[in-house]
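# Take this sequence and fold it.
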Amino acid sequence: MCRESSLLLVGVLALALLAADVFPSGAQSDCLVVEDFANAKVGEFPADWKARKDSGKEVYTVQEEAGKRFLRAVAKQIGIQAAKPYDTWDLKEYPVLVWSWRPMTFPPGSDERQSKTNDSALAVYAVFPHSPVSVKSVKYVWSTVVPKDTHLTSSRGLTQVRVVQTGTARRGEWVEERVNVAEDYKKYFGDGELPRPAGIAVLTDSDDTKSTAGGDYANFRVCRG
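Purely as a prediction, here's the structure:
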């Protein structure tokens, strides 16, 4: 998204804070389940997630395959995050965020290095409080063309972006990711005290390329590392 404002995530998360395969059957002893969609209704936006605008609820719906549930995103010329509040996450004890994702439709012409083409089939955020009107976040992206491990920034530095997968060769394939959020936060934002995250968010977007993007998300966990 070319105007990916931290205010977008603030609105999503503040509302909620106020008011042995790709899908393991349960959390391992060193992990806590953030979201596995087991209790969500198939075909609906998950009840314990928040979207900045109602139109975002049309982008993200829970689906099921072989008895396992996941969040499907289909974005048609739109870019809206969906967020899961999780403010009990202790980064010192559980520094690693783990999830599975599956790219289905890469937005044609996308390139996250350019504001006019800043769309992604898949993106996951670790979101942190910053001020009453903004948040900080570390954003993990599956890019069509930007090389793996590229570091980017947006939202005037409040969003730090790390490309963790690139290319279309694994389209339709579930891939599990493990990222050390504590290490990335310190690397990108400094060596001060680690704040407690407000939650996680996802973004499948295609508003800048005026196209369509699609992908699936599953089995979010935080782990000891």
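# Does Trp174 touch Trp99 like I think?
No - between Trp174 and Trp99 there is no contact under Cβ atoms under 8 Å: 10.5 Å. Quick note: C-beta positions are derived from backbone N, CA and C, even for glycine.
# Could you point out the longest strand of the protein?
Counting residues, the longest strand in the chain under DSSP state E turns out to be strand 212-223.
# What helices and strands are in contact with that strand?
Helices and strands touching strand 212-223, by 3 or more Cβ pairs under 8 Å, 6 or more residues apart in numbering; DSSP states H and E, are strand 31-35, strand 68-76, strand 96-105, strand 122-131.
# By mean pLDDT, flag the weakest helix or strand of this structure.
Ranked by mean pLDDT, DSSP states H and E, the weakest helix or strand in the chain is helix 6-18, scoring a mean of 46.
# re the thing from before, now the common contact residues for Trp174 and Trp99.
Here Trp174 and Trp99 have Ala218 as joint contacts, going by Cβ atoms under 8 Å, 6 or more residues apart in numbering.
# Comparing these two, which shows the higher neighbour count?
Under the neighbour definition other Cβ atoms under 10 Å, Trp174 and Trp99 were set side by side, and Trp99 has more, 23 against 17.
# so where is this structure shaky, pLDDT-wise?
1-29, 191 (pLDDT under 70).
# tell me, what residue is most central in the protein?
In the chain, the centroid-proximal residue (Cα atoms, centre = their mean) is Val124; its distance is 1.8 Å.
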